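Trainee: Just a sequence and a predicted model for now, questions to come.
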Amino acid sequence: MSMLISLFAAACVLAGVFFFIAGTLGLLRFGDTLSRVHALTKADNLGLGLIVLGLLPLVDGIADALKLVVIWALVLLGGTTAAQLVAGAVRREQDPPP
């Protein structure tokens, strides 16, 4: 059973790394700012979620698992807020007030 848990954890962490790399490539390849922010935030949120999911079976206690989930939630909140602020600044720059 321990081998199965280790394989699950490794698969989730590798999938998370894949999404981090895909988000970075999206940041480098897409042309406009909104597409870059979209690619980066979506891929990073999913990548971190998969990494946390892979680490959860390996932690010692419920307190450590809760810490991982809280860190993931805070990163989700921070990434969403930053993306909204960047998108708002881009929109204000593209559509100046009359």
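Mentor: Sure, I can see it. As the structure is a prediction and not an experimental result, all values here were calculated from the model.
Trainee: Longest helix in this protein, by number of residues?
Mentor: Taking DSSP state H as the criterion, the chain has its longest helix at helix 62-94.
Trainee: What residues of that helix count as buried?
Mentor: Within helix 62-94, the residues that count as buried by 16 or more other Cβ atoms under 10 Å are Ala65, Leu68, Trp72, Gly79, Ala83, Val86. Glycine gets a C-beta too; all of them are placed from N, C-alpha and C.
Trainee: low-confidence ranges in the protein?
Mentor: 1, 97-98 (pLDDT under 70).
Trainee: How about Phe20: what's its closest non-neighbour residue?
Mentor: In space, and not counting its chain neighbours, Phe20 is closest to Gly47: 4.2 Å by Cβ to Cβ, 6 or more residues apart in numbering.
Trainee: can you count the residues close to the one you found?
Mentor: Neighbours of Gly47 under the rule other Cβ atoms under 10 Å: 21.
Trainee: what about it, which SS state?
Mentor: helix (DSSP: H, G, I helix; E, B strand; the rest coil).
Trainee: show me the contacts for it.
Mentor: Ala15, Gly16, Val17, Phe18, Phe19, Phe20, Gly23 (Cβ atoms under 8 Å, 6 or more residues apart in numbering).
Trainee: give me that answer again for 6 Å
Mentor: Gly16, Phe19, Phe20 (Cβ atoms under 6 Å, 6 or more residues apart in numbering).
Trainee: on that earlier part again, if you count contacts, what does the longest helix of the chain end up packed against?
Mentor: Helix 62-94 sits against helix 33-55, with contacts defined as 3 or more Cβ pairs under 6 Å, 6 or more residues apart in numbering; DSSP states H and E.
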